[in-house]
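*Asks:* I'd like to go over a predicted model; first the sequence, then the structure.
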Amino acid sequence: MRSESRKGYWLYLIPGAILLTVIIIVPLAWNVYLSFTRYRGIKPPIWIGLDNWKELFQDADFWASFQHSIVMVVAMVILPTAFGLFLASLLFDLVGRRFNGKIMGLLRAVYYLPQILPIAIAAIVVGWILRPEDGALNDLLKAVGLGGFQHNWLGSPDTALLSIAAVLVWIQIGYPVVVFMSALQRIDPQLYEAAELDGANWFQRFRAITLAGIRPEIFVVVLTCTVAALKVFGPVYALTRGGPGSSTIVPSYYSYTEFFTAQRVGYGATIATALTVVVLAVAIFFVRAQFRLADQEEQ
Amino acid sequence: MGAPLLLVLLNAVKSPEDFSAHGPLGLPSGIYLDGIKTFWEAVDFPRKVWNSVLISGLVAVFGVLVSVLNAYALGIGRVRGRMWVLVAFLLATIVPQEALLYPLYIMFKNIGLYDTIWSVVVVFVVVHGAFGTYLLASVFGAFPRELLEAAALDGANRRQILWRVVVPVCRPTLAVLAVFFFIWTWNEFLIPLSFLVSADNQTVQVGIATLQGERIMNVTTISASALLGVLPTLIFFLVFQRTLTRGLTAGAIK
């Protein structure tokens, strides 16, 4: 009777499962297959075994794109998470105790705003802050007497990637702040008071109470942001289109141009598959680490 | 954080002469609306907004619907092997969209969905619906059993329990999900850029980005495009700010 009553629920999964199969699973498998073929999108794909993969491992642009991914991880995960922790605990310590929830809500909204800014818009704004001739940043440098540091920020290979990274820090920072702030509300303020009475300094309280208390959220933020950093496409497309040269190329942009500009679909699929493997490995690593920590805590 | 938005506003109402004389930081010497007008006409802005609204709205509605159906089976039905089904769904949100791009491109070309808004709608119903399934499955998993049992005693069948008990009780969460889906879809870039090639079908984001790439516009027009592009999101954000930040909390503690 019990298993009989459970069976009927499968019916509700049918639309979702069909959609998932058609839109995600089949294309994903197809993409893996294409990575073993030569295919220019017109004539049928030709099986060439591991040739694309061999080429990939010797491709300087591909390795450069992955190195840039590391910069993206710093910009989208490490700096925003560290900054977010600092800001959230600061706001909670200083503002939260003295002011009401309204100010918290307002601050939260302001920090979160860049997150919902469409990337096309953010690119425009940043585009002219960093314009070489009359951009706001160069104007500002001149105004404070640092005219010697004026630069074509997005247009020269030595600063383009760092400029994108700086933009991403600005865009990303709201997410950890907002998540950590709501996580902090779960912590009992009496814990802080008790620690204070015991003579714990700010850093000790931060480590023992704040960090330990919001660890689940830190994991979620780090995982989702790392995946997003590895997949980043919009900012690169909108700001530099991978250039100048290949100085800002990232794996997802590289595969996009192979698909639609170079018409080397098989090779594009190889890049996309390699990226998928990395993203899945990172996701599995984080989830396992989180489970292991949770297990340790229980013991 | 808000400073760049002020810059947008400042420069959208400046004339090109004013801009070249005083740069992006100077206050406008008069209100100049031709940039906005030029952009509005050049990209057929109302059309782009309509496309974006339609796509995002459809994803919000169908994405929540699919999430509810999936989560009903997983969270309340507790079907066997539900953890693996969830993992399969999560794949949709984790896998890079590039790895789906070309196969979907071929599929949509063959069935005539390429360069129609439906190609983008169906992809994001699945991608965002997968996140919704994940979130709602845990929400439904904690649903008070007494309510379900009481409804069953009253003679309600499974379909009636879903629509008359579970959905009404969870309406606030569903609203948050819909708002999220709408904004996420509004801001999506890679898939719309790849599948919506003709100007008539493009979204606001794609329209602005491709326009910028062509570099035919002067600074004032570009700022105007930024202002008009951000306005709908901003209005939406102000209206749903409370729902959003509350939902963020729900989404964060998974």
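*Replies:* Received the coordinates, thanks.

*Asks:* and B:D200, what does it touch?
*Replies:* B:44, B:47 (CB atoms under 8 Å, 6 or more residues apart in numbering or on different chains). Glycine gets a C-beta too; all of them are placed from N, C-alpha and C.

*Asks:* would you list every one of the helices in the stretch 51-200 of chain B?
*Replies:* With DSSP state H, counting those that start in this stretch as the criterion, the stretch 51-200 of chain B has helices at B:82-94, B:98-111, B:117-141, B:145-153, B:158-161, B:167-169, B:171-187, B:190-195.

*Asks:* Can you check what angle separates the longest one from helix B:98-111?
*Replies:* Just to be clear, that refers to helix B:117-141. Interaxial angle of helix B:117-141 relative to helix B:98-111 (axes from the mean of the first three to the mean of the last three CA atoms, to 10 degrees): 130 degrees.

*Asks:* and helix B:117-141, is it in reach of chain A?
*Replies:* Yes - Helix B:117-141 lies within reach of chain A by CB under 8 Å from any CB of the partner chain, at B:122-123, B:125-127, B:129-130, B:133.

*Asks:* Torsion angles phi and psi at the residue in the stretch 1-150 of chain A that chain B sits nearest to?
*Replies:* As assessed by CB to the nearest CB, chain B sits closest to A:Y9 within the stretch 1-150 of chain A, at 2.7 Å. Phi and psi for A:Y9, reported as degrees, to the nearest 10, are phi -70, psi -20.

*Asks:* Tell me which residues touch the residue nearest to B:F140 when sequence neighbours are not counted, please.
*Replies:* Excluding its sequence neighbours, the residue lying closest to B:F140 (CB to CB, 6 or more residues apart in numbering or on different chains) is B:G75, at 2.8 Å. Going by CB under 8 Å, 6+ apart, B:G75 touches B:136-141, B:143.

*Asks:* circling back: what's the closest of the residues of helix B:117-141 next to chain A to chain A?
*Replies:* Using CB to the nearest CB, the residues of helix B:117-141 next to chain A come closest to chain A at B:V126, 4.2 Å.

*Asks:* Excluding chain neighbours, give the residue nearest to the closest one in space.
*Replies:* Using CB to CB, 6+ apart, the nearest residue to B:V126 is A:I23, at 4.2 Å.

*Asks:* need the contact list for the one you found.
*Replies:* Counting by CB under 8 Å, 6+ apart, A:I23 makes contact with B:92, B:100, B:104, B:122-123, B:126-127.

*Asks:* one step back: among the helices of the stretch 51-200 of chain B, which gets the worst mean confidence?
*Replies:* The weakest mean pLDDT among the helices of the stretch 51-200 of chain B belongs to helix B:171-187, with a mean of 87.

*Asks:* Mind giving me the packing neighbours of that helix?
*Replies:* Helix B:171-187 sits against helix B:45-71, helix B:117-141, helix B:204-214, helix B:219-252, with contacts defined as 3 or more CB pairs under 8 Å, 6 or more residues apart in numbering or on different chains; DSSP states H and E.

*Asks:* I'd like the helices of the stretch 51-200 of chain B written out as CSV, with mean neighbour count added.
*Replies:* Shown next, in CSV, are the helices of the stretch 51-200 of chain B (neighbours: other CB atoms under 10 Å in any protein chain shown):
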stretch, mean neighbour count
helix B:82-94, 18
helix B:98-111, 20
helix B:117-141, 23
helix B:145-153, 12
helix B:158-161, 16
helix B:167-169, 12
helix B:171-187, 21
helix B:190-195, 22
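
*Asks:* Serialize those to JSON lines and add fields for distance to B:K48.
*Replies:* Shown next, in JSON lines, are the helices of the stretch 51-200 of chain B (distance: least, CB to CB, whole Å):
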{"stretch": "helix B:82-94", "distance to B:K48": "27"}
{"stretch": "helix B:98-111", "distance to B:K48": "21"}
{"stretch": "helix B:117-141", "distance to B:K48": "12"}
{"stretch": "helix B:145-153", "distance to B:K48": "45"}
{"stretch": "helix B:158-161", "distance to B:K48": "39"}
{"stretch": "helix B:167-169", "distance to B:K48": "33"}
{"stretch": "helix B:171-187", "distance to B:K48": "11"}
{"stretch": "helix B:190-195", "distance to B:K48": "11"}
